[in-house]
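Participant: how would this look folded up:
(2 chains)
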Amino acid sequence: MTALPVDPMRPEPMRVLRVTRETADTVTLELDARARGGFPFEPGQFNMLYAFGAGESAISIAGDVDRVKSLVHTVRAVGAVTEPLTRVKNGDFIGVRGPFGRGWPVAEARGKDLLLVAGGIGLAPLRSAIYEIVARRDDFGRVVLLYGARSPADVLFARELERWRHRSRIESLVTVDHASRSWTGNVGVVTSLIPRLAIDPERTLALICGPELMLRFAASALRATGVGEERIFASLERSMKCAVGLCGRCQLGPSFVCKDGPVFSYDRVRRLLEIREV
Amino acid sequence: MHPESLERSLGEHPFVAGMRDVDVAFLAGCTKNVRFSPGDYLFHEGGAADTLFVLRDGKVALESHAPGRGTVVLETLGATDVIGWSTLFEPYRWDVDGRAIESTLAFAVDGRCLRGKLDADAPFGYALTKRLLLQVHRRLEQARLRELDVYRGKS
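Facilitator: Next up is the predicted model:
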């Protein structure tokens, strides 16, 4: 795991290099990490992003581990902090604490087939893992990415999805929940694509990311194809505050999502996700 | 396709795999191979539902037309999916349109022939109904998840 920052509670101001609008409510922010000599992280880790005057929110890193001079996050406007974060402009500063948490088991996946299942903004936390897979493509077997969005207008990283499909041998299947006839892709929830794949469950590791309900349905569909829960890894989302396992805000049974996660093997968390009180 | 090779390829389809040989042969007797080009309709809303389609390859959109909204794609189905439960239940009418949006290959099981065999052979009927029920179960789960609209708001 990447070492914690010297003072993990102190936000570091970082300048916004570039803002890319992805969809009506989602932007990708590229922050300048050159002044601090780079920002090393592992795929699946997150930072606490501080919108000055509004507060902090936990956002997964969506960039490339091999491009440490910039720090990339994709943010969807859904609340009091993320809404102002999506309104920043080039040259603005935001506060950053991190990187935190345990990420995707990309090294463990070498030599195996990979099935990535993402829903909505959940593609962003998987993107750093995809970059790593693309960079070392021959280290992996078959790689399939299933991505579900609400509508065609909500599909993230559409150009990259094409690029990964054509240049990196990543079988990318996109589906949307609702569409008119002009959309010629798949229509239906992302889990509907799982039974259609002829995967080898013994060779396959599944990385899943999205709303918790989607994770539960996806894990169920994966189990039905024979993928064991110990081979399914899910990135969980909980409200986080300290991000270092002190405050307890993100506690999930015996674990803290910020410190012990956000990526967990599904056999560790399935029971906990089924208990409403947790 | 030669009847023997149709029976073999039908028996290898995930919907049919695992059935007794005698049941596969029984089903193959009602089945033919069909191919649709993009844009071809497999069936139209209101038409007689006389075929169960076991999809082998390609993609089919189930569509409905809503006044003021135009044509809405309800879902798309592909390899391993089965379309045409309406052929098993009165009044044997399609509720939606089915349109190929990719070159599509399917086994077309004759509805009348299938209903006759389901009634005549209870073990075959049970085996096929159980498989159809799994399809219905999956599609119901998917419909529930879609109804939850999980990508809306905080996700």
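Participant: list the contacts of stretch A:173-184.
Facilitator: For stretch A:173-184, the external contacting residues (Cβ atoms under 8 Å, 6 or more residues apart in numbering or on different chains) are A:144-152, A:154-155, A:161, A:185-190, A:192-193, B:61, B:63, B:70-73, B:76, B:101, B:146, B:149, B:151. Yep, even glycine has a C-beta here, placed from its N, CA and C like the rest.
Participant: tell me, how many residues neighbour residue A:24?
Facilitator: 8 (other Cβ atoms under 10 Å in any protein chain shown).
Participant: residue with max distance from the center of chain A?
Facilitator: residue A:181 (29.9 Å; Cα atoms, centre = their mean).
Participant: where does the prediction get shaky in the chain?
Facilitator: Here I'm looking at chain A. A:1-5 (pLDDT under 70).
Participant: to clarify, I was referring to chain B.
Facilitator: B:1-4, B:153-155.
Participant: which residue lies nearest the spatial centre of it?
Facilitator: Chain B has residue B:83 as the residue nearest its centroid, 1.8 Å off, counting by Cα atoms, centre = their mean.
Participant: quick check: it vs residue A:38, distance?
Facilitator: To residue A:38, residue B:83 is 53 Å away according to Cβ to Cβ, to the nearest Å.
Participant: with residue A:45 instead?
Facilitator: 14 Å.
Participant: swap in residue B:87?
Facilitator: Note on residue B:87: its distance to residue A:38, by Cβ to Cβ, is 63 Å.
Participant: same question, residue B:55
Facilitator: Residue B:55 is 50 Å from residue A:38, where distance means Cβ to Cβ.
Participant: neighbour count for residue B:87 and residue A:38, which is higher?
Facilitator: In this view residue B:87 and residue A:38 are compared by other Cβ under 10 Å, and residue B:87 has more residues nearby, 22 against 13.
Participant: residues contacting that one?
Facilitator: With contact set as Cβ under 8 Å, 6+ apart, residue B:87 has these partners: B:49, B:50, B:51, B:52, B:111, B:114, B:115.
Participant: restricted to strands, list those residues.
Facilitator: B:51, B:52 (DSSP state E).
Participant: tell me the one of the contacts of residue B:87 nearest residue B:16?
Facilitator: Of all the contacts of residue B:87, residue B:16 sits closest to residue B:52, with 11.5 Å by Cβ to Cβ.
Participant: from memory the closest one sits against residue B:114, does it?
Facilitator: Yes: look at residue B:52 against residue B:114 with Cβ atoms under 8 Å: they come within range, at 6.1 Å.
Participant: which residues are in contact with each of these two?
Facilitator: With contacts taken as Cβ under 8 Å, 6+ apart, residue B:52 and residue B:114 have B:87, B:88 as neighbours in common.
Participant: identify the residue spatially nearest to the residue in the stretch 51-200 of chain A positioned nearest to chain B, adjacent ones excluded.
Facilitator: Distances between the stretch 51-200 of chain A and chain B by Cβ to the nearest Cβ are smallest at residue A:120, namely 3.8 Å. Of all residues not flanking residue A:120 in the chain, residue B:151 sits nearest, at 3.8 Å (Cβ to Cβ, 6 or more residues apart in numbering or on different chains).
Participant: just confirm the one you found is within a helix.
Facilitator: No: looking at residue B:151 with DSSP: H, G, I helix; E, B strand; the rest coil, it is coil, so not inside a helix.
Participant: dihedrals phi and psi, residue B:93?
Facilitator: Residue B:93 adopts backbone torsions of phi -130, psi 140, taken as degrees, to the nearest 10.
Participant: how about it: what's its closest non-neighbour residue?
Facilitator: residue B:49 (5.7 Å).
Participant: again with residue B:28
Facilitator: residue B:7 (4.0 Å).
Participant: and that neighbour, what element?
Facilitator: Taking DSSP states H and E as the definition, residue B:7 sits inside helix B:3-12.
Participant: next: residue A:49.
Facilitator: For residue A:49, the element it lies in under DSSP H and E is strand A:46-51.
Participant: any quick ChimeraX command for the buried ones out of the contacts of residue B:87?
Facilitator: Restricted to buried positions by 16 or more other Cβ atoms under 10 Å in any protein chain shown, the ChimeraX selection for the contacts of residue B:87 reads:
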select /B:49,50,51,52,111,114,115
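Participant: my guess is the residue nearest to residue A:120 contacts residue A:150. True?
Facilitator: Yes: look at residue B:151 against residue A:150 with Cβ under 8 Å: they come within range, at 4.2 Å.
Participant: more crowded one of these two?
Facilitator: residue B:151 (24 against 20).
Participant: so who does that one touch?
Facilitator: Residue B:151 sits next to A:119, A:120, A:121, A:148, A:149, A:150, A:154, A:177, A:210, A:211 when contact means Cβ under 8 Å, 6+ apart.
Participant: what kind of secondary structure is residue 80 in?
Facilitator: All of this refers to chain A. Under three-state DSSP, residue A:80 falls in the coil class.
Participant: that's the wrong chain, I meant chain B
Facilitator: coil.
Participant: list the contacts of it.
Facilitator: If you count contacts by Cβ under 8 Å, 6+ apart, residue B:80 has them with A:195, A:196, B:13, B:14, B:15, B:55.
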